[in-house]
Structure formats: C-alpha cells, structure tokens
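Trainee: sequence and predicted model, in that order:
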Amino acid sequence: MPFSFHKATPSVCALRTGSGSGKVRSQEALGSAFVRRPIVSPAKDLAGDSAEDEASGEAEKTNLSDREAEDSEEEVEEAEEEWVDWEDKILEDTVPLVGFVRMILHSGRYQSGDRLSPEHERTILEKLLPYHPDFEKKTGCGIDYITVGYHPDFQSSRCLFIVRKDGELVDFSYWKCVKGLIRKKYPLYADSFILRHFRRRRQTDGR
C-alpha cells in the first residue's frame with residue numbers, strides 16, 4: 001500500500017489586543033513584547049541611593065573614629081594617673097634634706113662645737129645618717145650627740161660631726177648620706193639621677 005505524505009501547514013495562533021481596534025497580532029510579532037527588558041529605576045535614583053549609602057557609611061566611620069579617639073584619650077588619662085615621675089619624686093625627698101643641712105651649717109644658728117637641738121638631731125639620726133655607706137664604722141661604739149665644726153683638713157669647710165660615747169669626734173659627709181638614701185629608696189634610677197644632679201664633689205666628699 002503506497003504511503004502518501006501530507007505537508008503539514010504550520011498553525012498560526014492569533015492574539016487579540018485589549019484595544020477596541022480589533023487588530024490581531026501574531027505570536028511572532030508579539031515575541032519581543034514577551035521577552036522585554038526589566039524596568040530599571042532611573043539613573044538619578046540609583047545615584048541617589050548610592051550617595052545615601054556612602055553618606056551613611058561615612059557617618060558610621062566618623063562615629064567609630066570619634067569613639068576610638070575618646071577611648072584613646074581615656075587610656076592616656078589613665079596612663080598619666082598611673083605614671084610616676086621618679087625624678088620629681090627623688091627631688092621631693094632629697095631637696096628638703098639638703099636645705100635642712102645647709103641651714104644648720106651656714107645659717108649662723110650653731111657655732112663650732114654646739115650640739116644640735118633635739119629636733120634637728122633627731123632628723124639627722126633618723127632621715128640622713130643611717131644612709132651613709134660607712135654608717136657602722138662612723139658610729140662605732142655609739143652616738144652621744146651630733147655637732148657642727150670645721151673639717152680637720154679643710155678649715156674653711158663646715159661639716160657635721162658625730163660625738164661618740166667614748167668621746168671621739170668623727171666627721172661625716174651629708175652628701176654621701178643623700179646619695180645613699182637615693183640608692184636605697186630608688187635603686188633603678190639612682191645612678192642616672194646622681195650623674196645628672198650632683199656636681200663633682202670636692203675631696204671633702206670622701207668622708
């Protein structure tokens with residue numbers, strides 16, 4: 001049985017538009033309408049959103065920077081409160097003592113051989129003499145009292161003397177006592193402080 005081939009005629013669908021004109025468009029004609037590009041907001045709107053985002057970001061950065069600056073200032077203030085100026089501290093301890101001894105030696109209140117007042121003697125015995133590097137050697141058998149006199153080798157130089165209980169007179173350098181105090185109380189800063197603030201003493205400093 002012979003076969004016959006019939007050429008298929010493509011069917012065309014038509015769509016009616018919603019307008020009242022009654023015009024009919026083919027699917028092919030409307031294809032571009034179905035595959036249409038999405039609607040995009042105007043460029044100025046996008047630019048506006050971007051500017052707002054940038055402004056918001058900058059504001060956040062500014063606030064963060066301000067907070068960091070405040071934190072940094074607080075840390076500095078705390079560090080300043082904890083910081084101790086050791087040089088000033090040493091000066092506070094030693095300057096009054098030096099002035100005190102100079103008053104005793106040079107104010108004219110005491111003549112050579114005069115015994116110090118109980119108050120002045122107590123200050124020397126408690127706050128100065130114990131820091132002398134040769135304290136035990138200087139005090140020997142014990143201290144009777146403290147007096148003022150001229151150094152045996154430098155007649156123009158007045159200094160302090162220990163009168164021992166056996167009657168022996170022993171001179172001592174108050175500068176060595178001050179340096180000993182600094183080394184005792186401030187061992188980490190003593191050498192640099194002494195080099196900066198103490199001028200080279202004369203040979204009398206060997207006492």
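Mentor: That came through, no problem. Numbers count the residues shown, from 1 in each chain.

Trainee: what about Pro152, distance to Asp85?
Mentor: 41 Å (CB to CB, to the nearest Å). Just so you know, the C-beta spots here come from the backbone N, C-alpha and C atoms, and that holds for glycine as well.

Trainee: and Thr139, by the same measure?
Mentor: Here Thr139 is placed at a distance of 35 Å from Asp85 (CB to CB).

Trainee: quick one: Phe135 and Leu125 touch, right?
Mentor: No - contact criterion CB atoms under 8 Å: Phe135 and Leu125 do not qualify, at 10.8 Å.

Trainee: which residue ranges of this structure form strands?
Mentor: For the chain, strands defined by DSSP state E occupy the ranges 14-16, 24-26, 143-150, 158-164, 169-172.

Trainee: of those strands, which approaches His120 most closely?
Mentor: Distance to His120, taken as CB to CB, is lowest for strand 143-150 among the strands of the chain, at 7.9 Å.

Trainee: give me the contact list for the closest one.
Mentor: 104-105, 110-116, 120-121, 124-125, 129, 156-165, 167, 169, 171 (CB atoms under 8 Å, 6 or more residues apart in numbering).

Trainee: picking that back up, Thr139 and Asp85 - which one has more neighbours?
Mentor: Thr139 (18 against 9; other CB atoms under 10 Å).

Trainee: let me know the pLDDT of that one.
Mentor: With respect to pLDDT, Thr139 scores 95.

Trainee: list the contacts of the closest residue to it other than its chain neighbours.
Mentor: Residue nearest to Thr139 in three dimensions, not counting chain neighbours: Ile162, with 6.4 Å by CB to CB, 6 or more residues apart in numbering. The contact partners of Ile162, taken as CB under 8 Å, 6+ apart, are Leu129, Lys138, Thr139, Ile143, Ile146, Leu169, Val170, Asp171, Phe172.

Trainee: ok, now Lys184?
Mentor: Neighbours of Lys184 in contact, by CB under 8 Å, 6+ apart: Tyr131.
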